[in-house]
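The sequence and its predicted three-dimensional model are supplied below.
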Amino acid sequence: MAPHHGSHWLSLRALAATAAVGCALGLAAVGASSATAAPPNPPPSSSKSFPGSVPPWAGSRAKTGIPLSNTTVEGEIYLSLRDEAGAKSFATAVSTPGDAQYGQYLSSIQWKDQFAPAPADTDKVVSWLKAQGMVVTGVPASGMYVVFRGTVAQVNAAFAVTEQTYAFQGTDLIGPDRAPTVPAELASVVSAVSIDQGRLLTRPDNVADGADASPNGKVAPVPVATPCSHYWDEHEVTVPATQTGATTAPTVLCGYTPGQIQAAYGLGDGVAMNATAGAGQTVAIIDAYAAPSMLADGNQYSSLHGLPALTSGNYREVLPSVYYDQPLCGQPSGWQGEEALDVEAVHSTAPGASILYAGGWNCGGGLDIAMSKVLDGQLATIVSNSYGNVGEAVSPDQRNGEVRLHLQAAAEGIGLYFSSGDSGDEKAALKYTSPDFPASSPYVTSVGGTSLALDKSNHYLWETPWGTTRQKIVAQSDGSLAYGGPLPGVFQYGAGGGTSAVFDQPAYQANLVPGTLAQGKRVSPDVSALADVWTGFRIGFSPITNDHSLNTGAYSEERIGGTSLSCPLTAGLMASAQAATGTRVGFANPAIYQAAAASGAAMRDVTAPATPINLVRAYPSTGLTWMATLGLDTSLTATRGYDDTTGVGSMTEKFAQQVAAQH
């Protein structure tokens with residue numbers, strides 16, 4: 001099936017006409033009024049309340065106002081599975097090597113017949129929502145949830161709440177002031193309700209190499225110029241004495257190419273491109289929105305870097321007809337680099353595989369619908385998801401609803417890979433440490449990050465845990481150089497991870513994850529790969545220049561990083577391993593931990609560097625030069641064996657094949 005750009009963009013232009021029926025853009029969703037709203041009618045005594053639907057950020061101290069009554073918000077109602085305990089047991093059994101049911105996956109029809117809600121129950125929820133004046137925007141074939149849009153007034157009346165505006169992470173978000181309720185006739189079929197905008201903070205876990213703004217608007221020559229290096233230590237420059245006393249340091253890398261990535265992880269030698277790895281596999285990629293130039297950009301990138309062309313036979317897109325909530329979700333342009341990164345990273349580590357891009361209409365319920373299209377249609381056996389929330393700061397109801405999708409994927413033998421995050425332990429944002437969700441779900445593979453060094457011949461040198469601090473290099477009045485403060489400087493970004501506050505320890509982690517770290521809970525990540533933007537990966541795309549018209553500019557390339565990179569790299573490696581071994585891994589974690597514990601395990605055990613590793617990067621557009629120190633990731637540390645930055649270790653193609661060979 002060829003990508004259907006034309007119909008997508010025609011329907012997008014018609015979006016404005018739908019505002020009258022509840023399809024307003026996200027910009028209106030943060031409008032607030034100082035007027036006091038009338039309290040909602042009290043719920044009937046026979047109604048069912050959902051305390052777990054109040055997000056943790058919604059509280060009196062964070063309240064900033066009351067949204068306008070005609071503001072449109074998205075909601076989601078999750079239905080109960082017929083046998084949730086049985087679904088968990090089955091998903092675990094079919095994913096665990098050595099179990100009699102290992103690999104005996106369900107079709108999507110079998111999942112629906114055995115575990116999904118009865119169609120009549122889903123229809124009942126849809127009918128009730130429509131009777132309240134809501135617009136139902138999505139119902140998956142599984143019937144496991146219903147996505148809808150309604151005005152604040154409609155939501156208040158239907159769920160017996162007063163929607164408020166709250167400040168969280170520098171953004172005004174709408175959420176309920178109390179536990180929402182549903183009428184008694186829905187009590188037995190509804191398991192969770194989401195009527196807050198917290199999910200619209202879901203963002204790509206990537207780090208672009210953008211320059212910081214000039215602090216005073218004036219731009220002076222950089223104190224140290226840094227030509228980028230095509231491999232580790234190609235160029236060194238003179239710097240003030242570092243922590244080790246060195247007065248020279250390597251310059252930032254230009255970003256590794258597909259050939260170098262293949263060499264790093266055991267797919268090739270970096271000279272002759274492996275163009276067939278992954279043949280016969282399909283990897284799905286899920287992000288919000290879609291770039292109109294992705295196919296053309298992917299082919300220009302492939303031509304420049306020796307990869308096979310993307311054609312209607314190996315690349316297709318499943319796209320929504322309209323977009324919602326663009327401002328709150330960061331605009332299509334804010335997701336375009338992620339889309340290009342995901343497609344080009346998967347294509348680099350599984351050049352022979354087919355790629356399915358499934359775009360969400362926003363970064364909330366639209367992502368769920370995109371996921372369900374893949375699961376209900378069984379369109380792929382591996383799904384790469386390079387996005388996440390800030391920690392686990394989402395409502396318990398929403399979190400549990402998402403986990404049911406992960407259960408469906410595991411039961412159907414579809415492996416879900418999620419990036420672990422780019423902000424370390426999240427303490428700076430949340431004031432407490434937390435792994436990011438959905439990566440912390442016990443039914444997905446969480447992919448952490450590393451910094452990677454290759455030599456001139458593309459031989460692997462080392463990896464460190466991804467955690468980057470930095471300090472300015474400044475020119476003194478006498479012409480000498482100095483640091484703007486003590487090294488190693490301030491934390492910039494690093495791989496997410498840590499111990500979950502909400503998910504118990506899965507059995508597959510019991511033997512390898514230290515008890516002092518787990519404390520009976522799930523720990524993220526599971527594996528890792530290149531993420532550090534200072535070593536980075538080159539991607540290419542034609543930037544969106546206007547989010548309303550989706551016009552694009554000229555194709556260009558840039559270096560990018562983040563666990564948004566490590567996730568699709570790992571997904572591609574697993575697709576290549578499945579092709580090489582003729583197996584279908586499905587939910588990979590039980591097999592990953594068994595393979596890691598076996599003699600001769602081929603993952604790379606990543607530990608913190610014994611001595612500081614420095615890199616230098618200048619930004620001529622701002623006149624700033626920075627000294628980075630690698631391997632320092634907030635409170636997360638990399639040690640021998642399992643750790644909460646790199647998991648069991650860095651992925652290699654050989655290790656991926658060992659995981660697949662657990663069948």
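All right, it came through fine.

All the helices of the stretch 351-500 of the chain, residue numbers only.
Counting by DSSP state H, counting those that start in this stretch, one finds helices in the stretch 351-500 of the chain at the ranges 365-377, 396-411, 427-430.

Please name the residues that touch Gly364.
Contact partners of Gly364, counting by Cβ atoms under 8 Å, 6 or more residues apart in numbering, are 74, 76, 197, 199-200, 202, 325, 329. Placement of C-beta: from N, CA and C, glycine included.

Next: Gly641.
Here Gly641 is in contact with 512, 514, 605, 648 (Cβ under 8 Å, 6+ apart).

what two of those residues have the greatest distance between them?
Spatially, the most separated pair among these is Pro514 and Asp605, at 14.1 Å (Cβ to Cβ).

neighbour-wise, which of those two wins?
Neighbours per residue (other Cβ atoms under 10 Å) separate Pro514 from Asp605, with Asp605 holding more: 17 against 13.

Name the nearest residue to the more buried one, sequence neighbours excluded.
In this structure, Asp605 finds its nearest non-sequential neighbour in Gly649, 4.7 Å apart by Cβ to Cβ, 6 or more residues apart in numbering.

How about Ser419?
Closest to Ser419 by Cβ to Cβ, 6+ apart is Thr563, at 3.5 Å.

If you average the pLDDT over stretch 89-109, what comes out?
Stretch 89-109 shows a mean pLDDT of 98.

can you list the residues that contact it?
114-115, 141-142, 375-378, 407, 410-413, 443, 507-508, 584, 586-591, 594, 662-663.

Now which of those would you call buried?
115, 142, 375-376, 378, 407, 410-413, 443, 508, 584, 586-591, 594, 662 (16 or more other Cβ atoms under 10 Å).

what about Ala116, distance to Ser229?
From Ala116 across to Ser229, the span is 52 Å (Cβ to Cβ, to the nearest Å).

between the two, which one's more packed in?
Taking neighbours as other Cβ under 10 Å, Ala116 and Ser229 compare with Ala116 leading, 25 against 18.

need the contact list for the more buried one.
81-82, 142-144, 408.

of these, buried ones?
Buried members of the contacts of Ala116, counted by 16+ other Cβ under 10 Å: 81, 142-144, 408.

List the ones among the residues you listed that fall in helices.
Gln408 (DSSP state H).

any idea which element the residue lying closest to Thr349 once chain neighbours are set aside lies in?
Excluding the flanking residues, the one nearest Thr349 by Cβ to Cβ, 6+ apart is Gly572, at 3.0 Å. In this structure, Gly572 sits in helix 563-581 according to DSSP states H and E.

same thing with Gln336?
Residue-wise, Gln336 maps onto helix 331-349 under DSSP H and E.

what does Leu512 give?
Going by DSSP H and E, Leu512 is not part of any helix or strand.

Test my guess that it contacts Tyr642.
Yes: contact between Leu512 and Tyr642 holds when scored by Cβ atoms under 8 Å: they sit 4.8 Å apart.

the more surrounded of these two?
A direct count of neighbours by other Cβ under 10 Å for Leu512 and Tyr642 places Tyr642 higher, at 24 against 17.

list the contacts for the more buried one?
Per Cβ under 8 Å, 6+ apart, neighbours of Tyr642: 509, 512-514, 517, 523, 596, 648.

does Gln169 really touch Ala428, like I thought?
No: applying Cβ under 8 Å as the test, Gln169 and Ala428 come out as separate, 10.9 Å apart.

The stretch 551-663 of the chain: strands as residue ranges?
Remark: strands assigned in the stretch 551-663 of the chain by DSSP state E, counting those that start in this stretch are 551-552, 556-561, 613-619, 624-630.

domains of this structure?
5-81+116-197, 227-660 (automatic domain parsing).

Low-confidence stretches in this protein?
1-46, 210-217, 270 (pLDDT under 70).

Pick out the residue nearest the middle of it.
Of all residues in the chain, the one closest to the mean position by Cα atoms, centre = their mean is Tyr387, 1.8 Å from it.

who touches that residue in this structure?
Residues near Tyr387 by Cβ under 8 Å, 6+ apart: 202-205, 286-288, 338, 363, 367, 418-419, 564.

who touches stretch 234-250?
Residues contacting stretch 234-250 (Cβ under 8 Å, 6+ apart): 224-229, 232-233, 251, 456, 473, 481-483, 487-488, 611-612, 614-616, 627, 629.

Flag every buried residue along that stretch.
Buried residues in stretch 234-250 (16+ other Cβ under 10 Å): 235, 237, 239-240, 242, 249-250.

out of those, what pair is the most spread apart?
His235 and Pro240 (17.6 Å).

I'd guessed Gly337 sits against Asp209; true?
No: here Gly337 does not reach Asp209: they are 10.6 Å apart, not a contact under Cβ under 8 Å.

neighbour-wise, which of those two wins?
Gly337 (22 against 16).

roughly how far out does the helix or strand harbouring Asp113 sit from the chain middle?
Using DSSP H and E, Asp113 maps to helix 108-114. Put simply, helix 108-114 sits 27 Å off its chain's centre (Cα atoms, centre = their mean, to the nearest Å).

would you put the C-alpha positions of it in CSV?
C-alpha atoms of helix 108-114 as CSV (Å, rounded to 0.1, in the frame of the first residue of the first chain):
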residue,chain,number,x,y,z
SER,A,108,-5.9,-10.4,17.2
ILE,A,109,-9.3,-12.1,16.7
GLN,A,110,-8.4,-14.6,19.4
TRP,A,111,-7.3,-11.8,21.8
LYS,A,112,-10.6,-10.0,21.2
ASP,A,113,-12.6,-13.2,21.7
GLN,A,114,-10.8,-14.3,24.9
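
residues of that helix that come out buried?
108, 111-112.

Buried residues of the helix or strand that that helix is followed by, list them for me.
Sequence-wise, the next helix or strand downstream of helix 108-114 (DSSP H and E) is helix 119-131. Neighbour-count burial for helix 119-131 flags 121-122, 124-126, 128-129 (criterion: 16+ other Cβ under 10 Å).

got a markdown table for those, with distance to Thr450 too?
Listed next are the buried residues of helix 119-131 as a markdown table, based on distance: Cβ to Cβ, whole Å:
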| residue | distance to Thr450 |
| --- | --- |
| Asp121 | 46 |
| Thr122 | 43 |
| Lys124 | 49 |
| Val125 | 44 |
| Val126 | 46 |
| Trp128 | 49 |
| Leu129 | 46 |
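
Need the outlier residue of the chain, farthest from its centre.
Most peripheral residue of the chain (Cα atoms, centre = their mean): Asp478, 47.3 Å.

for that residue, phi and psi?
Dihedral pair for Asp478: phi -90, psi 10, per degrees, to the nearest 10.

quick one, what contacts it?
Contacts of Asp478 (Cβ under 8 Å, 6+ apart): none.

ditto for Lys654
266, 602.

same deal with Val190?
Residues near Val190 by Cβ under 8 Å, 6+ apart: 48, 50, 77-80, 125, 182.

show me where the stretch 201-350 of the chain has helices.
According to DSSP H, counting those that start in this stretch, the helices that the stretch 201-350 of the chain contains are 258-265, 294-305, 326-329, 331-349.

first to last residue in stretch 223-241, what's the distance?
From its first residue to its last, stretch 223-241 covers 15 Å (Cα to Cα, to the nearest Å).

my bad, stretch 500-509
End-to-end distance for stretch 500-509: 13 Å, by Cα to Cα.

and the closest residue to Ser395 other than its chain neighbours, how far is that from Ala241?
Excluding its sequence neighbours, the residue lying closest to Ser395 (Cβ to Cβ, 6+ apart) is Pro55, at 4.4 Å. Using Cβ to Cβ, we find Pro55 at a distance of 48 Å from Ala241.

So what's the residue count around Gln104?
Neighbourhood size, Gln104 [other Cβ under 10 Å]: 11.

How about the contacts made by the closest residue to Ser293 other than its chain neighbours?
Spatial nearest neighbour of Ser293, excluding adjacent residues (Cβ to Cβ, 6+ apart): Ser542 at 4.4 Å. In this structure, Ser542 makes contact with 291, 293, 296-297, 552-556, judged by Cβ under 8 Å, 6+ apart.

try it again with 10 Å
Taking Cβ atoms under 10 Å, 6 or more residues apart in numbering, we find Ser542 in contact with 291-294, 296-297, 300, 336, 340, 551-556.

Thanks again, I'm all set now.
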